[in-house]
Each structure stands twice: as structure tokens, then as C-alpha cells.
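1. Here you go, sequence then predicted model.
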Amino acid sequence: MDPFFSSHTIFDIPHYRLINPEKIAFKRPDYLSFEREEVLRLLSSVFGFKGLIELKHQRNGAPFLDCFPDIKLSISHCKSAVSVLLSKSYPFVGIDIEEISERPLRVRQKFMTREELLMFDSEDDNLCGDKQRMRIATVIWSAKEALYKAYSSHIPTLQLNNIRCNEDLSNRELNLEQESSLSFQIEIDNHKFDSMVEVKLIDNNLLIAYILA
């Protein structure tokens, strides 16, 4: 595990676990059970437990650890990895792990604001090349997923397209090999505030986005 994820404490840093490619041939719903087990294995490893830790969910779907009620927890999984974020000091915690792919581009109408869509749909935009477009779309998607997990319990009406990226990513060279901080604005009902999201590329094609606020 690289230095970005190494620390003397398990809190306030993202942890992740790659899934053995030979195990990824499962079909749903079996694969969902497999992903859940991988999350439990990661959590158990983080806490140093030999057996699988017990994970529960609130009515809104938010995960929590019954044995550690004071710990804020967020989990995420994709086809090739699982990730967790734990905190004892921050009330809002969210993490997302995604493979960089074409999928965020295909479904961008579901999570991008009008301004963000214009950036991708404009014929004279600065997003040169399919690889850059996929990477930036995945960054926006993953960051918004992390923000949603962090704030949706506090703002039940929150949707991904209520979250706007404050950065001009079309003109910014994102060095995802290093941790980058990106600014987003949430505006819905009586809520309007900015929040920072940390993003970093891991294992070539995997992106982690997380928030502690």
C-alpha cells in the first residue's frame, strides 16, 4: 500500500482493497454478496480483527458499526476494489471508488449540472481526447458520490445534480498521481455551501474521492 494510504492511525484516511480478478466473474445478486464480504474483510483488516466485523445499516442505508457507535463510516465498492473511510472527529464522511471508464460520460445527464453538461457538450470545449473526457467525467461523478454520502443524511432531498463543481476542469491539468483538492458547491432548499473533495488515482485506473467535513 503506498504512502498516501499509510498512517499510524486508521482514521481520516481512505483504505482500499483490490479484488482478485479471478473472483470478479460472479453474477448479481451473488456478486453483491461478494462485494459486501470484501468490504467486511477490509474493515476487519483495518481494525486488526481476525474474524469478520459486523456491519449494519440505518434506515436511509448509511452504514455503521454497532461495536463502535462513535465512529463515522463510509464505504464504497466497484468491480475491482472496495474502500472505507473512518473518522472520530468529522461529522460528515464520504468516500467513493470508481474505475475510470466511459460510463460517467454515458450517464452524465443524471449527475451533472447544466453548466457541467455544456462543458462536455460544447463543440469548442478544451476537453481534448476521449481519455481526458473519461477521466474528468469520472472525477466529477466520484466526487459527487462522496459528497452525497457525506451530506444526504443531513439533506434528505439532495441529488447529485444539486452539486456543482467550482473548478474549470477543462483548463486544468489534473495530476491524479498526487492527491488533489477540488471545490464543489451544494445548493438546495435552504442549504448553500462549498465543500472540498480529495481525489487520487490508485492502481493505474482506479480513482478514490473522499470528504471529511
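-> Alright, I've got the coordinates.
2. what's the lowest-mean-pLDDT helix or strand in the chain packed up against?
-> Scoring the helices and strands of the chain by mean pLDDT, DSSP states H and E places helix 30-47 at the bottom, with a mean of 84. On a contact count with 3 or more Cβ pairs under 8 Å, 6 or more residues apart in numbering; DSSP states H and E, helix 30-47 meets strand 14-18, strand 72-77, strand 81-87. Quick note: C-beta positions are derived from backbone N, CA and C, even for glycine.
3. now Lys200: how far from Ile95?
-> Per Cβ to Cβ, to the nearest Å, Lys200 is found 11 Å from Ile95.
4. related to what we said a few turns ago, and the least confident helix or strand of the chain, how far from the chain's centre?
-> 17 Å (Cα atoms, centre = their mean, to the nearest Å).
5. before we move on, the earlier item: looking at the helices and strands packed on helix 30-47, which is nearest to Glu179?
-> strand 14-18 (10.0 Å; Cβ to Cβ).
6. Check which strands are paired with that closest one and give the direction for each one.
-> strand 81-87 (antiparallel) (DSSP bridges).
7. So Lys200 and Ile95 - more neighbours on which side?
-> Shown here are Lys200 and Ile95; by other Cβ atoms under 10 Å, Ile95 has more neighbours (26 against 19).
8. ok, now which ones touch the more buried one?
-> Residues in contact with Ile95, defined by Cβ atoms under 8 Å, 6 or more residues apart in numbering, are 14, 74-76, 83-85, 146, 149, 208-211.
9. Report the angle between the strand or helix carrying it and strand 14-18.
-> If you go by DSSP states H and E, Ile95 is part of strand 93-99. Counting by axes from the mean of the first three to the mean of the last three Cα atoms, to 10 degrees, strand 93-99 lies at 30 degrees to strand 14-18.
10. re the thing from before, switch the helices and strands packed on helix 30-47 over to a markdown table; also include distance to Asp189 and mean neighbour count.
-> Output for those, formatted as a markdown table (distance: least, Cβ to Cβ, whole Å; neighbours: other Cβ atoms under 10 Å):
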| stretch | distance to Asp189 | mean neighbour count |
| --- | --- | --- |
| strand 14-18 | 30 | 19 |
| strand 72-77 | 23 | 22 |
| strand 81-87 | 26 | 24 |
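11. This completes my enquiry, with thanks.
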